[in-house]
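A.B. asks: Kindly return the folded structure for what I paste below:
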Amino acid sequence: MTIRLTAGRMMAILLFFSLLTGCVRQESSEKVRVVASIEPLAWFVERIGGERVSVSVMVPAGGDPHSYEPTPKQMAGLASADLFVKAGSGVEFELNWIPRMLELNRGLRICDASTGVRLLPMGEHEADGDGHHHEGGPDPHFWLSPANARLIAVNIEQSLVAADPANRDLYAANRLRLDGELRALTAELAGRLGAVRNRKFIVFHPAWGYFARDFGLEQIAVEREGKSLTPVQMASVIQTARDQGIRTVFVSPQFSSAQAESIARDIGGRTVQIDPLSRDYGNNLRHAAESFVRELR
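C.D. replies: Down below sits the predicted model:
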């Protein structure tokens, strides 16, 4: 049987396919909507996703990921997200809230940024004020190691490709470019920190263990599990600082520095702020390295 098409019907069909094609193009041009749990992970998504991604962060700058509670607006926004990037290393915020997030968006893809990373127990790379090493849960701050950062980039690339396979070449190229930058950053920081004589430093919140491991430093942590120090613990830290010739207590902007400042006064030193959650990843690690070089004399 022969089907005859009039000019009018032919035009209608062509118009239909034109509209259909336009819809497909519009859909494919939409950005991948990504939510990151913390600021540093958002930086990696932006570097790898480029203009193809729209990124928001659950724990804002200055927020404490151990205790932060998302706003109703943030939770509602998850309903339209394509990908959630979590640290996956035991951050309390994620443990408490990811199950609830999945209730709002059961099809939400989850990228575990820590896949392939060897998470270190606290006892593997830090000592307390008594000089004793203690076993504990995993240190969640793995992103502060440039070596681990390269794995984060791989994990995010793979998740973006899964969410947006049409742009896999873009994500691969961006990740390779970033990998080269992270290699160069590692060499740069190693060069700066190599001449530091006193390799031990006191930090109030134990966030810099992975960084210390990468560059041959030793972190002496003061605070544990967010708890204030007892007078006996305070005295122990002060004595350790005096014995080691340490005159600086490093603090994080997300936490109270009152006890750290008290310790600094007793040792005739000062507190210096270094941020484990800055979004400007490379420059933040450079700032931290400069602070260590300046203070660890």
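
A.B. asks: Could you use CA atoms for every contact and neighbour count after this?
C.D. replies: Fine.

A.B. asks: Can you give me the buried ones in stretch 88-105?
C.D. replies: For stretch 88-105, a neighbour-count test (16 or more other C-alpha atoms under 10 Å) marks Gly88, Ser89, Gly90, Val91, Phe93, Glu94, Met101, Leu102, Leu104, Asn105 as buried.

A.B. asks: would TSV of these with secondary structure, pLDDT and distance to Leu176 be doable?
C.D. replies: Output for the buried residues of stretch 88-105, formatted as TSV (DSSP: H, G, I helix; E, B strand; the rest coil; pLDDT from 0 to 100; distance: C-alpha to C-alpha, whole Å):
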residue	secondary structure	pLDDT	distance to Leu176
Gly88	coil	96	23
Ser89	coil	95	24
Gly90	coil	92	28
Val91	coil	92	28
Phe93	helix	92	31
Glu94	helix	94	28
Met101	helix	90	31
Leu102	helix	90	31
Leu104	helix	85	34
Asn105	coil	89	31
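
A.B. asks: what would those residues look like in JSON lines with distance to Asp275?
C.D. replies: Compiled in JSON lines, the buried residues of stretch 88-105 are given as follows (distance: C-alpha to C-alpha, whole Å):
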{"residue": "Gly88", "distance to Asp275": "20"}
{"residue": "Ser89", "distance to Asp275": "18"}
{"residue": "Gly90", "distance to Asp275": "19"}
{"residue": "Val91", "distance to Asp275": "16"}
{"residue": "Phe93", "distance to Asp275": "18"}
{"residue": "Glu94", "distance to Asp275": "20"}
{"residue": "Met101", "distance to Asp275": "27"}
{"residue": "Leu102", "distance to Asp275": "30"}
{"residue": "Leu104", "distance to Asp275": "32"}
{"residue": "Asn105", "distance to Asp275": "32"}
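
A.B. asks: From the residues you listed, pick the one nearest Ile238.
C.D. replies: When the buried residues of stretch 88-105 are compared for distance to Ile238 (C-alpha to C-alpha), Val91 wins out at 29.0 Å.

A.B. asks: could you pull out the helices for this protein?
C.D. replies: 7-29, 39-49, 72-77, 92-104, 122-125, 146-163, 168-193, 209-214, 231-244, 258-266, 281-295 (DSSP state H).

A.B. asks: same for the longest one, what does it pack against?
C.D. replies: Under the contact criterion of 3 or more C-alpha pairs under 8 Å, 6 or more residues apart in numbering; DSSP states H and E, helix 168-193 touches helix 39-49, helix 146-163, helix 281-295.

A.B. asks: coming back round to it: so for Arg224, which of the helices of the chain sits nearest?
C.D. replies: Here helix 122-125 is closest among the helices of the chain (C-alpha to C-alpha), at 10.0 Å.

A.B. asks: what mean pLDDT would you report for that closest one?
C.D. replies: Average pLDDT, helix 122-125: 53.

A.B. asks: Let me see the contact set for the residue lying closest to Tyr281 once chain neighbours are set aside.
C.D. replies: With sequence-adjacent residues excluded and distances taken as C-alpha to C-alpha, 6 or more residues apart in numbering, Tyr281 is closest to Pro40, at 6.1 Å. Neighbouring residues of Pro40 by C-alpha atoms under 8 Å, 6 or more residues apart in numbering: Trp143, Leu277, Ser278, Arg279, Asp280, Tyr281.

A.B. asks: I appreciate the help and will end here.
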